[in-house]
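Only the shape, not the letters, is given here:
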């Protein structure tokens, strides 16, 4: 079975650029999550979709971060404009449904903003 | 402050030894999960233990849950170099909710 696929694995951006990260969840999973991971803050939830509907839009991350789920098998996370403090690993995870609460993570995209 | 937190930043053991990672949490929960993250990979679930369970095993892994002290432990026996990873505990932010809150993780290093 294919797991969660994230592309690209690495991204380097100049300050002020727009970047788009991509995620393909496990086939048949209804829930999709975007997390940001840094050494200092750990894992922070950015967005949560249930059956393609946005359930959580990230609170403090709303300003420059926008996640979309155009269909059940593909999601994007846009950061616009990027800032050096956005340098982190961005993880996508999917779950069969919210009652199971088990997350299957992708390998992540490491973003460096210069 | 973290709703779930591992009690050690880092641990190191030699291959073959046993090790325990501890976690404390601050809310009533439906379940607690342990995840492992190897370098360059995303976290992977190891064990999910529900609030009405006291112990759960998965091969060389054993998780315990004490809801009275709001704590959990993950023990690994006969450690191997490939157990080197960051170990996280995670709980539902509000009992029964969908959102998982992760601790900051414990780096375990298993030396040859």
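Received it, and whenever you're ready, just let me know what you need. No experiment lies behind these values; they were computed from the predicted model shown. Numbers count the residues shown, from 1 in each chain, chains lettered A, B, ... in the order given.

Could you check the pLDDT of residue 30?
Using chain A. On pLDDT, residue A:30 comes in at 89.

that's the wrong chain, I wanted chain B
Per the predicted model, pLDDT is 85 at residue B:30.

hang on, it packs against residue B:50?
Yes. Proximity of residue B:30 to residue B:50 meets the contact threshold set by C-beta atoms under 8 Å, at 6.8 Å. C-beta: built from backbone N, CA, C; applies to glycine.

For those two, indicate the residue with more neighbours.
Legend: neighbour count by other C-beta atoms under 10 Å in any protein chain shown for residue B:30 and residue B:50, higher for residue B:30 (15 against 11).

does chain B sit close to stretch A:36-46?
Yes. Applying C-beta under 8 Å from any C-beta of the partner chain, one finds stretch A:36-46 touching chain B at A:42, A:43, A:45.

which outside residues touch that stretch?
A:33-35, A:56, A:58, A:61, A:65, A:67, A:77, A:88-91, A:108, B:2, B:43, B:88, B:99, B:102-105 (C-beta atoms under 8 Å, 6 or more residues apart in numbering or on different chains).

can we see that at 7 Å?
With C-beta atoms under 7 Å, 6 or more residues apart in numbering or on different chains as the test, stretch A:36-46 has contacts from A:33-35, A:56, A:58, A:61, A:65, A:67, A:77, A:88-91, B:99, B:102, B:104-105.

which of those residues count as buried?
For the contacts of stretch A:36-46, a neighbour count by 16 or more other C-beta atoms under 10 Å in any protein chain shown gives the buried set as A:33-35, A:56, A:58, A:61, A:65, A:67, A:77, A:88-91, B:99, B:102, B:104-105.

Can you tell me which helices and strands the lowest-mean-pLDDT helix or strand in chain A packs against?
Lowest on mean pLDDT, DSSP states H and E among the helices and strands of chain A sits strand A:53-56, with a mean of 83. Applying 3 or more C-beta pairs under 7 Å, 6 or more residues apart in numbering or on different chains; DSSP states H and E, we find strand A:53-56 packed against strand A:42-50.

where's the strand it packs on relative to the chain centroid, distance-wise?
When C-alpha coordinates are averaged (C-alpha atoms, centre = their mean, to the nearest Å), strand A:42-50 and its chain have centres 7 Å apart.

follow-up on the earlier one: sort out for me which of the buried ones among the contacts of stretch A:36-46 are in helices.
Counting by DSSP state H, the buried ones among the contacts of stretch A:36-46 place none of their members in helices.

Could you verify my assumption that residue B:50 touches residue B:31?
Yes. Contact criterion C-beta atoms under 7 Å: residue B:50 and residue B:31 qualify, at 4.6 Å.

show me where pLDDT drops low in the chain?
Using chain A here. A:1, A:60-61, A:98-100 (pLDDT under 70).

that's the wrong chain, I meant chain B
B:1-3, B:7, B:93-98.

Please identify the residues of it in proximity to chain A?
B:31, B:40-45, B:48, B:92, B:98-100, B:102, B:104-105 (C-beta under 7 Å from any C-beta of the partner chain).

Can you say which of those residues are buried?
Buried among the residues of chain B next to chain A by 16+ other C-beta under 10 Å: B:31, B:42, B:43, B:45, B:48, B:92, B:98, B:99, B:100, B:102, B:104, B:105.
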